[in-house]
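Trainee: here is the input, now give the coordinates:
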Amino acid sequence: MKKLVKILLWIVGIVLALLIVVSLVAGPVAKGYINNHGEDLTGRRVEVKHVGLNLLTGRVALRNLQVYEEDGRTPFAGFDTLDVRAHLLQLPFKTVNLRHLTLSGLHANVLQDGERFNFSSLLEHFSSDEEKEKDTTPSDWTLKFYNIRLSHARLHYSDVSSNKDLNLPDINLRVPGFIIGGNESTEGGLNLNFDKGGHLNATANYDADKKRYDAKVDLTDFSLRNVEGYVRDIIDLDEMNGNLTAHLTAGGTTTHLLKSHIGATVALTDVDLRSDRDQLAALQALTVKVNNINLEANSFDIAEVHLDGLTATYEQWNGYTNISRLMKEKDTTEVADTLESAEEPSAPKKPMQLHVGNLLVERCALTYINHTLPDEFRFPITNLTVKATNLSMNGDNNAQLRATLPGGGLLMVRWQGNIDNWKEHQELFLTVKGLDMKQLSPWTVAYTGQPIEDGVFGLTSRNSIQSSMLNGQNTIDIYNPVVGKKRKDIKAEKHLPLKAALYVLKDKDNKILLDVPVKGNIDSPEFNYMKLVWKTLGNLIVKVATSPARALGNVLGLGGDNLEFVAIDPTQRSLTSEQYHTLSQLATIVQSDSLIVLHMEQRMPEAANDTVARFYELRNEMVRRYLLEQGVDESQLLITTGDPVTNNEPTGYAVSSAMKLEE
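Mentor: All right, here's what the predicted structure looks like:
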């Protein structure tokens, strides 16, 4: 018995000795083989400084391995240490069990030139031209990986054709356990630093038995400069600054991924976008808090959106804007090919359900600049604030807007309406107070050829849409409007006597109060809100400016209905007291403004002879003399005799008026 035990011990000792010898010899042999035949195996020169193999512990260690580019000199990828430990005795039981895997100091330099990468030749080397039928038979092997660590890895990506690059100088990955073919739980974590600022930390857990996962991602102080090159593919920017911080959570089952619960808090701060060294937009802070996103239901439940300190400029030229000018053109041929190769569209998605608990926009400044007008129009809006609660796609919503206008003016807006079915119901109440009218001068120059030199503008607008029908009530309140001389270098779009009309419409306190109703069907192809406003204003201006006597009579409290015709009997030799009183009223109207020209056209009977006609000429002179005695300037007076009228028409003076467009 003792002899048998000795024999067994000798056999075990010999086997162990052989394993040790093999382990000692295998490392250097493997190192030499890799260094000498690496290019045959991979198509690239491969160099390794140390290979260690221990069959007793199942450990394999490689140190300082380097793979080179196709030129055999430029480093492509490599690592400092790869240390793997496995349970070799479980291999006969179809189980791969790695107790430990550590990869430290991994570094790779990925280059892209068009559609080709610097590792494309590696893929081509291992690819086969022969098509192999896929084996769909389930594998009965179990793969177990424990204590997986990737430490201090470095990755550099560069696109030489578009001058884009991305540096990840410190990547760390930790996976305590990962099972394929079993029912054990898996967890892992990843953290990395970005070269231009920012840190990412991600953790995930997976229960293979319940097929349930939970994941969390934290992105801290991520500098937008890291993706500056990619944004330049779309927008022609010279500089982009800002920081992004995000906290994302997701959970659900792998069998129903679209039903996953997704929550997030995203904060964007200190954003500055510049082109040609001019600031396009700046943002102090944007915070979005998401309660839940359900992709299957197309539902987005957002708790809060807070935008603070946005500054932006929108400029418009003929045919383009400062935004469209920044957008880079895409290859339309490539886009068409992509569309043709796209798969058939899937079933239509469910209507989007959006809910925003609180929306707050504050301390914003927006500037609109229009270069299409004869004079540049620049309109800055500051201190912009928007507030809304419980916004949704369906049902009525409420929102309020407040902003400061040029010259100390104030803009206030209240809105109630449906977003999804907006044509069915909308209520908009808008108030403008204290706007400096000189700011609007470029528009009046473009439309009428006349600049505005002074005045304060106010507007109250109530607009309602019910079943596509617009009903708008606009009240315009203007104080001390002053219109300059007509510009001879401007071909006005509208020939409106603006200067004359404003003089007529002003009351004794130098104010104008107008009602401008706007109605129409918004579904009509010819519907245009501003055209309706200008049409209404234009008709009013023309009507008032070409017949100001009635309007001024009402403004001055003289009445207007009895001032458009002064009836005189053909046999009447002199004027009555009532007729003198009417002439006095007309004199008062003319004297109210030096731009008014009073035209009195005498109508005589068709059967009047020459003697009677001379008598009517004397009457004209009598009326002229009386009006001059009342203080009317002769340049503002025009008295004529018109064509004879039939016996059925009244005789007397038809009163009309005109305005001097320029003094």
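
Trainee: next SSE downstream of the helix or strand bottoming out on mean pLDDT in the chain?
Mentor: Across the helices and strands of the chain, mean confidence by mean pLDDT, DSSP states H and E is lowest for helix 332-341: a mean of 49. Going down the chain from helix 332-341, the next helix or strand is strand 353-370, by DSSP states H and E.

Trainee: for residue 222, which non-adjacent residue is spatially closest?
Mentor: Leaving aside its sequence neighbours, residue 222 sits nearest to residue 198 (C-beta to C-beta, 6 or more residues apart in numbering; 3.4 Å). Backbone N, C-alpha and C define where each C-beta goes, glycine included.

Trainee: any stretches of the stretch 401-550 of the chain with poor pLDDT?
Mentor: Applying pLDDT under 70 to the stretch 401-550 of the chain flags the ranges 496-497, 500, 503-504, 508, 525-550.

Trainee: so where do the strands sit in it?
Mentor: In the stretch 401-550 of the chain, the strands defined using DSSP state E, counting those that start in this stretch lie at 409-418, 425-436, 452-466, 469-483, 511-521.

Trainee: parallel or antiparallel, list what pairs with the first one.
Mentor: If you go by DSSP bridges, strand 409-418 pairs up with strand 396-405 (antiparallel), strand 425-436 (antiparallel).

Trainee: coming back round to it: the residue nearest to residue 222 and residue 117, how far apart?
Mentor: Residue 198 sits 25 Å away from residue 117, going by C-beta to C-beta, to the nearest Å.

Trainee: ditto for residue 477
Mentor: Residue 477 is 67 Å from residue 117, by C-beta to C-beta.

Trainee: burial count for residue 231?
Mentor: Other residues near residue 231 come to 15 when the count uses other C-beta atoms under 10 Å.

Trainee: between the strands paired with strand 409-418, which one is nearest to residue 301?
Mentor: strand 396-405 (15.5 Å; C-beta to C-beta).

Trainee: buried stuff in that closest one?
Mentor: 397, 399, 401-405 (16 or more other C-beta atoms under 10 Å).

Trainee: give the buried residues for stretch 45-65.
Mentor: So, applying 16+ other C-beta under 10 Å, buried residues of stretch 45-65: 45-46, 48, 51-54, 58-63, 65.

Trainee: and for stretch 190-199?
Mentor: Here stretch 190-199 shows 190, 192, 194-195, 198 as buried, counting by 16+ other C-beta under 10 Å.

Trainee: same thing with stretch 278-292?
Mentor: 280, 282-284, 286-290, 292.

Trainee: name the residues that touch that stretch?
Mentor: Contacting residues not belonging to stretch 278-292 are listed as 237, 242, 261-274, 299-313, 322, 326, 357, 363 [C-beta atoms under 8 Å, 6 or more residues apart in numbering].

Trainee: check the secondary structure at the residue most central in space within the chain for me.
Mentor: In the chain, the residue lying closest to the centroid (C-alpha atoms, centre = their mean) is residue 323, at 9.9 Å. Classification of residue 323 by DSSP: H, G, I helix; E, B strand; the rest coil places it in helix.

Trainee: residues in contact with it?
Mentor: Per C-beta under 8 Å, 6+ apart, neighbours of residue 323: residue 314.

Trainee: repeat that with 10 Å
Mentor: If you count contacts by C-beta atoms under 10 Å, 6 or more residues apart in numbering, residue 323 has them with 235, 280-281, 312-316.

Trainee: ramachandran coordinates for residue 43?
Mentor: phi 80, psi 0 (degrees, to the nearest 10).

Trainee: model confidence score at it, please.
Mentor: At residue 43, the model reports a pLDDT of 82.

Trainee: okay, now it: neighbour count?
Mentor: The number of residues near residue 43, taken as other C-beta under 10 Å, comes to 15.

Trainee: number of residues surrounding residue 294?
Mentor: 17.

Trainee: now do the phi/psi pair for the residue nearest to it when sequence neighbours are not counted.
Mentor: Nearest non-adjacent residue to residue 294, counting by C-beta to C-beta, 6+ apart: residue 259, 6.8 Å away. Main-chain torsions, residue 259, degrees, to the nearest 10: phi -90, psi 10.

Trainee: verify the stated contact: residue 259 with residue 253.
Mentor: Yes. Using C-beta atoms under 10 Å, residue 259 makes contact with residue 253 at a distance of 7.5 Å.

Trainee: would you list the buried residues of strand 396-405 in TSV and tack on distance to residue 433?
Mentor: Output for those, formatted as TSV (distance: C-beta to C-beta, whole Å):
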residue	distance to residue 433
397	25
399	20
401	14
402	11
403	11
404	11
405	8
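
Trainee: right, so of the strands paired with strand 409-418, which gets closest to residue 591?
Mentor: strand 425-436 (31.0 Å).

Trainee: dump the closest one to CSV, keeping only the CA atoms.
Mentor: Coordinates of the C-alpha atoms in strand 425-436 are reproduced here as CSV (Å, rounded to 0.1, in the frame of the first residue of the first chain):
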residue,chain,number,x,y,z
HIS,A,425,-59.6,77.0,-30.5
GLN,A,426,-57.2,79.8,-29.8
GLU,A,427,-57.5,82.9,-27.6
LEU,A,428,-54.7,85.5,-27.8
PHE,A,429,-54.7,88.8,-25.9
LEU,A,430,-51.8,91.1,-26.7
THR,A,431,-50.9,94.5,-25.2
VAL,A,432,-48.2,96.9,-26.4
LYS,A,433,-47.6,100.0,-24.3
GLY,A,434,-45.2,102.9,-24.7
LEU,A,435,-43.4,101.8,-27.9
ASP,A,436,-41.2,104.5,-29.5
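
Trainee: how far does it sit from the chain's center?
Mentor: Here strand 425-436 shows a centroid-to-chain-centroid distance of 23 Å under the convention C-alpha atoms, centre = their mean, to the nearest Å.

Trainee: for it, buried residues please.
Mentor: 426, 430-436.

Trainee: angle of that strand against strand 452-466?
Mentor: 170 degrees (axes from the mean of the first three to the mean of the last three C-alpha atoms, to 10 degrees).

Trainee: strand 425-436 vs strand 469-483, what angle?
Mentor: Using the same axes, to 10 degrees, strand 425-436 lies at 0 degrees relative to strand 469-483.

Trainee: residue 98 is in contact with residue 143, correct?
Mentor: Yes. Counting by C-beta under 10 Å, residue 143 touches residue 98, with 8.4 Å between them.

Trainee: burial of residue 498, as a residue count?
Mentor: 25.

Trainee: please name the nearest non-neighbouring residue to it.
Mentor: residue 448 is the one closest to residue 498 (C-beta to C-beta, 6+ apart), at 4.6 Å.

Trainee: as a check, name the ranges of all strands in the stretch 151-300 of the chain.
Mentor: Under DSSP E, counting those that start in this stretch, the stretch 151-300 of the chain gives strands at 164-180, 185-193, 199-207, 212-223, 239-253, 261-275, 278-294, 299-308.

Trainee: wait, which of those strands is closest to residue 415?
Mentor: Of those, nearest to residue 415 by C-beta to C-beta is strand 299-308, at 16.6 Å.

Trainee: give me the contact list for the next helix or strand along the chain from that closest one.
Mentor: The element immediately downstream of strand 299-308 (helix or strand, assigned by DSSP H and E) is strand 311-317. For strand 311-317, the external contacting residues (C-beta under 10 Å, 6+ apart) are 271-273, 278-284, 321-325, 363-373, 376-380, 382.

Trainee: paired strands for strand 311-317, with orientation please.
Mentor: Per DSSP bridges, strand 311-317 is paired in its sheet with strand 278-294 (antiparallel), strand 320-321 (antiparallel), strand 353-370 (parallel).

Trainee: now do the last one, average pLDDT.
Mentor: Right, strand 353-370. The model assigns strand 353-370 a mean pLDDT of 93.

Trainee: and it, what's buried?
Mentor: Quick answer for strand 353-370 (16+ other C-beta under 10 Å): 354-356, 359, 361-362, 364-366, 369-370.

Trainee: distance to residue 75 added to the residues you listed, as a markdown table?
Mentor: Converted to a markdown table, the buried residues of strand 353-370 look like this (distance: C-beta to C-beta, whole Å):
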| residue | distance to residue 75 |
| --- | --- |
| 354 | 50 |
| 355 | 53 |
| 356 | 51 |
| 359 | 52 |
| 361 | 51 |
| 362 | 52 |
| 364 | 50 |
| 365 | 51 |
| 366 | 51 |
| 369 | 52 |
| 370 | 56 |
